[in-house]
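S.K.: prediction below, plus the sequence it came from.
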Amino acid sequence: MAKEIYDSLAMKRALTRMTYEIIEKNKGIDNLVLVGIKTRGVYLAQRIAERMKQLEGATVPVGALDITLYRDDRNDDLDAPIVRDTELGVDIEDNMLF
């Protein structure tokens, strides 16, 4: 039996709280790029970007970062890890990354 830690409403509240904190720390969403660590971090970044669009009315770019090479739970005796490209899709010069 799985234990439910957050129901859908609690998760939505947590995402909204994180979204507001990012907006406040950045003083808006100008020059903001959200970067998620593959794979689940990308989904989280996308959900935060969706919430920002609802709150601020503008789209925030979302990128993906592959950290396969740096994971400490790999077994180096096996095949070498497959490292994929980092996919930002936007120039990050002078932007705030979260």
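M.R.: Nice, thanks for sending it over.

S.K.: CA only for contacts and neighbour counts going forward, please
M.R.: OK.

S.K.: against which helices or strands is the helix or strand containing residue 55 packed?
M.R.: Using DSSP states H and E, residue 55 sits in helix 40-56. Under the contact definition 3 or more CA pairs under 8 Å, 6 or more residues apart in numbering; DSSP states H and E, helix 40-56 sits against helix 8-26, strand 32-37, strand 62-65.

S.K.: bridged to residue 63, which residues?
M.R.: Here residue 63 shows beta-bridge partners residue 35, assigned using DSSP bridges.

S.K.: pretty sure it sits against residue 32.
M.R.: No: assessed by CA atoms under 8 Å, residue 63 is found out of contact with residue 32, at 11.2 Å.

S.K.: out of everything not next to it in sequence, what's closest to residue 50?
M.R.: Nearest non-adjacent residue to residue 50, counting by CA to CA, 6 or more residues apart in numbering: residue 59, 7.8 Å away.
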